[in-house]
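Visitor: task: produce atomic coordinates for the following.
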Amino acid sequence: MTPYAIVIHTIDHAKAALAVAAERNTPVVLLSAPGAVAYLGATVFRDMVSQAAEENPTAQYQAVLDCGDDPGLAMGAMRHGVKSVCVHVRPEIRAKLAENAEKRGCSVYHREGPELDLVDMTNPKAACMAWLMAM
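Guide: Down below sits the predicted model:
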């Protein structure tokens with residue numbers, strides 16, 4: 001089963017998504033917004049997800065930081081403890097990055113399929129619950 005992809009923008013989004021994932025015993029992918037590494041930063045994203053995970057220790061998830069079209073920022077994110085990154089580059093560059101990521105115990109994620117974006121949701125937990133129940 002492919003995990004459900006949820007785009008998070010804040011710590012509250014991460015907490016809501018992981019709370020619902022734990023409650024429903026359903027794995028999720030927590031995605032940052034496209035290019036978020038440039039304005040949010042790798043350590044802020046890593047720490048935001050870690051804090052949400054501490055509050056929801058049974059949640060099964062993969063956290064993915066979108067690094068836009070910059071493989072250098074993706075490598076930097078992995079050096080700062082981000083375990084999965086997404087980059088929008090040519091396939092041969094993505095393959096090279098994935099090879100380097102694997103050596104670090106990390107992965108390169110490819111965005112495809114439906115995603116729930118929590119950006120304008122007034123009740124992110126309810127939105128996540130509806131998303132997981134509908135899919």
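
Visitor: what is the neighbour count of the nearest residue to Cys67 once chain neighbours are set aside?
Guide: Excluding its sequence neighbours, the residue lying closest to Cys67 (C-beta to C-beta, 6 or more residues apart in numbering) is Ala74, at 4.0 Å. In this view, the C-beta of every residue, glycine as well, is placed from N, C-alpha and C. Applying other C-beta atoms under 10 Å, we find 29 residues neighbouring Ala74.

Visitor: for the one 3 residues further on, same thing?
Guide: Residue crowding around Ala77 was assessed by other C-beta under 10 Å; the count is 28.

Visitor: wait, a helix at Pro34?
Guide: No. Counting by DSSP: H, G, I helix; E, B strand; the rest coil, one finds Pro34 to be coil, located in no helix.

Visitor: count the neighbours of it for me.
Guide: Neighbours of Pro34 (other C-beta under 10 Å): 15.

Visitor: same deal with Glu112?
Guide: Glu112 has 8 nearby residues by other C-beta under 10 Å.

Visitor: any idea of the pLDDT on the residue in the chain sticking out farthest from the centre?
Guide: What lies farthest from the middle of the chain is Glu92; by C-alpha atoms, centre = their mean that is 22.7 Å. For Glu92, the pLDDT comes out at 95.

Visitor: in stretch 15-25, what's buried?
Guide: Within stretch 15-25, the residues that count as buried by 16 or more other C-beta atoms under 10 Å are Lys15, Ala16, Ala17, Leu18, Ala19, Val20, Ala21, Ala22.

Visitor: same question, stretch 67-76
Guide: Cys67, Gly68, Asp70, Pro71, Leu73, Ala74, Met75, Gly76.
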